[in-house]
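Engineer: Here is a sequence together with a model predicted from it:
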Amino acid sequence: MYLTCPIATNGIRFLNFKPGSILSKMRKSYFINLVCWAFIVVIKTAPIQAQAPNSLSRADRLYGVSRFWQEVNYNFVFLDKVDRQQWDSLYKETLLRCQETASDYEYYLLLQKLCASLKDGHTNVYFPNEVAKNLYTTSFGSYRFFISYFDQKYIITRVNASKKEEVPVGSEIVEVNGLPAATYANRYVKPYIASSTDYVLESQAAYDLLKGYIGSKYTIVIKTPTGVLKTLKLEHQPTEEKEVYPPFENRALLDHKVMDHGVHYLALNSFENIKIDSLFHDVLPQLYKAKGLIIDLRYNGGGNTNIGFDILQYFTHAKSLAGSKSLTREHQAAYKAWGAFMTPADTIVAQADGESSNEEAVKCYLMANDKAYYTFPYAPRVCGIWHCS
């Protein structure tokens, strides 16, 4: 079994290690991504029809759970926001349950649930490729559809073309395997999704509502836009049909067009590819002539801050643009040990002219309580009229 712990700064560094090897010291991290090779998945009430691999030994399973728990304790930057008693209790529970899992699929599922309890979208557990390749989200043999979350409902927003009359776009999934869809999601989907925000959790839960291993079966009830209830029996299998309705949009990295009344439309669909900056500069002379501007970021999933800065500077009169600060947990074993016996009062030194803090005592106390951080140097990006440097 391999565990991978990427440390995110401006990029991602991957530290790979096998059971028994030494893990290099982690540093320079604001968001600590602790990743065990796995794939996010959820338990279903229907039995799994295909045999998942079962390659991990009991020792490997115990080791993997313990290593993940250990890395969180040492490097998870938001540990001070975690209920430690609850976290340790869940760790012990996972240690017991992981020994009873019948496959690698079930084992990594437990790790994913342990991870999700941290409620951080940058800390995830994924299944290995040999399991991931047999996981399906949208394909059910002769059926294929995609689910989105709208107005607290699970709505089918795209289907394979041959089923668009039987399963109309806009149909609501009201029941899954005998349970109301919301109940099913709360019980079998959301507990396995790592997220710090409710809206991301809801959106991902909708997309993953029927995610499962090949051969998994579901009975769902949908309500069409005209109010007709239909029952569908589904089984995860590859879908040969490629055409979907509505068709997938082939979105360009940047899209620009002139609309009525001199209003310009500008879609910036990603900040991951630096090419978007040069594309933006190409249309910039036309934007200067615009009487109004619509900027569409609906399909922009983020990316590199520097790429976004290069565009943002043209839409502000600010002299500087603030970005994110980075910090990482600090550990010094002796300080943590000494701080375990301290109270906040021990960090104050009485002097004739008043009280002052004892810096070493403060460091000991903070480290013992997982609240000691090193903040990396930071300064806002200074902008000229038309550029940032």
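Structural biologist: The structure has been received and is ready for your questions. Everything numeric here is computed off the predicted structure, so don't read it as measured data. Numbers count the residues shown, from 1 in each chain.

Engineer: Could you tell me how far Pro180 is located from Thr101?
Structural biologist: 29 Å (C-beta to C-beta, to the nearest Å). Bear in mind the C-beta positions are built from the backbone N, C-alpha and C, glycine included.

Engineer: Between these two, which has more neighbouring residues?
Structural biologist: For Pro180 and Thr101, the more surrounded residue by other C-beta atoms under 10 Å is Thr101, and the numbers stand at 18 against 13.

Engineer: Quick check: closest non-adjacent residue to that one.
Structural biologist: Tyr107 (4.4 Å; C-beta to C-beta, 6 or more residues apart in numbering).

Engineer: Surely that neighbour is within a strand?
Structural biologist: No: Tyr107: not assigned to a strand; according to DSSP: H, G, I helix; E, B strand; the rest coil it is helix.

Engineer: So Tyr154: helix, strand or coil?
Structural biologist: Using three-state DSSP as the criterion, the local structure at Tyr154 reads strand.

Engineer: correct me, but it touches Ser171?
Structural biologist: No: taking contacts as C-beta atoms under 8 Å, Tyr154 lies outside contact range of Ser171: 9.7 Å.

Engineer: First-to-last residue distance for stretch 76-83?
Structural biologist: Its first and final residues considered, stretch 76-83 spans 13 Å by C-alpha to C-alpha, to the nearest Å.

Engineer: quick one: buried residues of that stretch?
Structural biologist: Taking 16 or more other C-beta atoms under 10 Å as the neighbour-count basis, stretch 76-83 is seen to contain the buried residues Phe76, Val77, Phe78, Leu79, Val82.

Engineer: For stretch 184-191, list every residue counted as buried.
Structural biologist: Of the residues in stretch 184-191, those scored as buried under the neighbour-count criterion (16+ other C-beta under 10 Å) are Tyr184, Ala185, Tyr188, Val189, Lys190.

Engineer: Look up how far Gln204 lies from the third one.
Structural biologist: Between Tyr188 and Gln204 the computed distance is 14 Å (C-beta to C-beta).

Engineer: Next: the last one.
Structural biologist: In this structure, Lys190 lies at 9 Å from Gln204, with C-beta to C-beta as the measure.

Engineer: any idea which helix is longest in this structure?
Structural biologist: In the chain, with assignment by DSSP state H, the single longest helix is helix 58-75.

Engineer: moving C-terminal of it, what's the next helix or strand?
Structural biologist: Reading on from helix 58-75 to the C-terminus, the next helix or strand found by DSSP states H and E is helix 84-98.

Engineer: tell me what that next one is packed against?
Structural biologist: Where contact means 3 or more C-beta pairs under 8 Å, 6 or more residues apart in numbering; DSSP states H and E, helix 84-98 is packed against helix 58-75, helix 104-116.

Engineer: any idea which of those is most buried?
Structural biologist: helix 104-116 (a mean of 23; mean count of other C-beta atoms under 10 Å).

Engineer: Good, wrapping up.
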